[in-house]
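**Student:** Any chance you could fold what I've pasted below:
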Amino acid sequence: MSQSQPAIIKHDTLFDKPFTTPLDKAARFSFDEQVVACFPDMIRRSVPGYGQVLAMLPIFARRHCKYRQQSDNGQRVSRVYDLGCSLGAASMTLAGEFDPQDLQIKAIDISPAMTTEATTLLSDNYPEHNIEVITADIRDVELEPCDMVILNLTLQFLPAADRVAVLEKIYAALSEGGILVLTEKTHAFDEQYDAWLVERYYDFKRANGYTEMEISGKRNALENVLITDTLDEHHARLDQVGFKRHLTWFQFLNFVSIVAFK
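**Tutor:** Predicted coordinates:
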C-alpha cells in the first residue's frame, strides 16, 4: 500500500446481497442502483487482489505520467483515463497520491447509476482535483492524447468483437512512454487447470462470507454477460493493436493485471 494515509471516503456501504433468493438465478447482472449500493463490498469480497492492483496505480503513474499533455488553461498535465470507472476507485486512488494540478483524470462509465455516485464521491473527497466523470459507452468516446489508461474489469463486459477496436483506440491515444493497465478475470485453456482455479475462486468467496446460493446466483446472473479470455488471448490482442511490450505483472487465481507500454 502507499505510504501516505488513505483518504476517508464518505460512503455508506451496504452489504452485497443482490443474489440471495432462488428467483435471482434467472436475473441478468446489470450495474443498476441495487448493484451500486453494494458495489464496494461486492468488489472487496469477490475480486481477489483488487486492493493491491489499485495500490500500484499511483506507483505506475509516477513512472509514466510525464506532464506531456496541455490542459485548457495551457498548463502541462498528465491526462489519465479511467475507462469503466464504476464508482471511481482507481481515480480516487490516483487523486489521493497526486497534487490537484498534476493530473487530469477522465472517468467514464456507461451506467448512470455508477457515474452519479462516482461524481458525488469524487467531488466530496477530492474537490480540488481535475476529475471529469462522463456517462458514456467507452466504445463511442474519442480519447484525447493521454499518458495512462486504466481498464479495470471492463473489457470482459464488452462483446468479444468490439475489444480490438477499443484497444486500438487506446493505443492511438497514448503518448510514447504511456501505459495501459488492463485488469481482467480470465480462464485457462487447459480444462483441468481452469476447473481448479474456478473452485479455488469459489473457496475464496466462501471464505469471504458468500453462501452457496449467492455464489450460484451471481454465476448465473453473469452468464453471457461477463465473457472471459485466456491470458494468451489478451497478450495476442495487445500485440495485434500495436503494443510491442506488455507483461503480466499481477495474478491472483483467475484474475490478472497486465501492463502494456507504448
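**Student:** how many neighbours does the closest residue to R45 other than its chain neighbours have?
**Tutor:** Among residues not flanking R45 along the chain, N208 sits closest, at 3.9 Å (C-beta to C-beta, 6 or more residues apart in numbering). From N, CA and C alone the C-beta is placed, and that goes for glycine too. By other C-beta atoms under 10 Å, 13 other residues sit near N208.
**Student:** likewise V80?
**Tutor:** V80 has 28 nearby residues by other C-beta under 10 Å.
**Student:** D232 versus that one, what's the distance?
**Tutor:** According to C-beta to C-beta, to the nearest Å, V80 stands 28 Å off from D232.
**Student:** Okay, now the unreliable bits of this structure?
**Tutor:** Along the chain, segments meeting pLDDT under 70 span 1-39, 67-74, 222.
**Student:** how about the helices of it, start to end?
**Tutor:** Counting by DSSP state H, one finds helices in the chain at the ranges 33-46, 50-64, 89-95, 112-125, 163-173, 191-207, 212-222, 231-241.
**Student:** taking these together, which one is wrapped up most tightly?
**Tutor:** Among the helices of the chain, the stretch with the highest mean neighbour count (mean count of other C-beta atoms under 10 Å) is helix 89-95, at a mean of 25.
**Student:** Tell me what the nearest residue to T119 once chain neighbours are set aside is bridged to.
**Tutor:** In space, T119 comes closest to V133 once its chain neighbours are excluded; the distance is 4.5 Å by C-beta to C-beta, 6+ apart. As for beta bridges, V133 partners with A107 under DSSP bridges.
**Student:** which residue is nearest the middle of this structure?
**Tutor:** Ranked by distance to the mean C-alpha position of the chain (C-alpha atoms, centre = their mean), the top residue is N152 at 1.9 Å.
**Student:** residues contacting it?
**Tutor:** V53, D82, G84, A90, V181, T183 (C-beta atoms under 8 Å, 6 or more residues apart in numbering).
**Student:** looking at the sheet around it, what are its partners?
**Tutor:** Bridge pairing for N152 - DSSP bridges - gives T183.
**Student:** separation between it and E212?
**Tutor:** 28 Å.
**Student:** Same check on D194?
**Tutor:** For D194, the distance to E212 - C-beta to C-beta - is 20 Å.
**Student:** next one: S78
**Tutor:** From S78 to E212 the distance is 46 Å (C-beta to C-beta).
**Student:** now swap in D162 and tell me
**Tutor:** If you measure D162 against E212 using C-beta to C-beta, the figure is 34 Å.
**Student:** What of P100?
**Tutor:** 47 Å.
**Student:** residues touching the residue nearest to T119, list them.
**Tutor:** C85, G88, A107, I108, D109, T115, A118, T119, L122.
**Student:** what about 10 Å?
**Tutor:** 82, 85, 88, 91, 105-109, 114-123 (C-beta atoms under 10 Å, 6 or more residues apart in numbering).
**Student:** Same question for L57.
**Tutor:** Counted by C-beta under 10 Å, 6+ apart, L57 has contacts 2, 80, 82, 89-91, 93-94, 97, 148, 150, 152, 181, 183, 257.
**Student:** One more: A107?
**Tutor:** 80-92, 94, 114-115, 118-119, 122, 131-134, 150.
**Student:** could you redo the last one with a cut-off of 8 Å?
**Tutor:** 81-82, 85, 88, 90-91, 115, 118, 122, 131-134.
**Student:** Quickly note the distance from the residue nearest to L54 when sequence neighbours are not counted to A172.
**Tutor:** Take L54 and drop its neighbours on the chain: the residue closest to it by C-beta to C-beta, 6+ apart is T93, 4.7 Å away. Per C-beta to C-beta, T93 is found 26 Å from A172.
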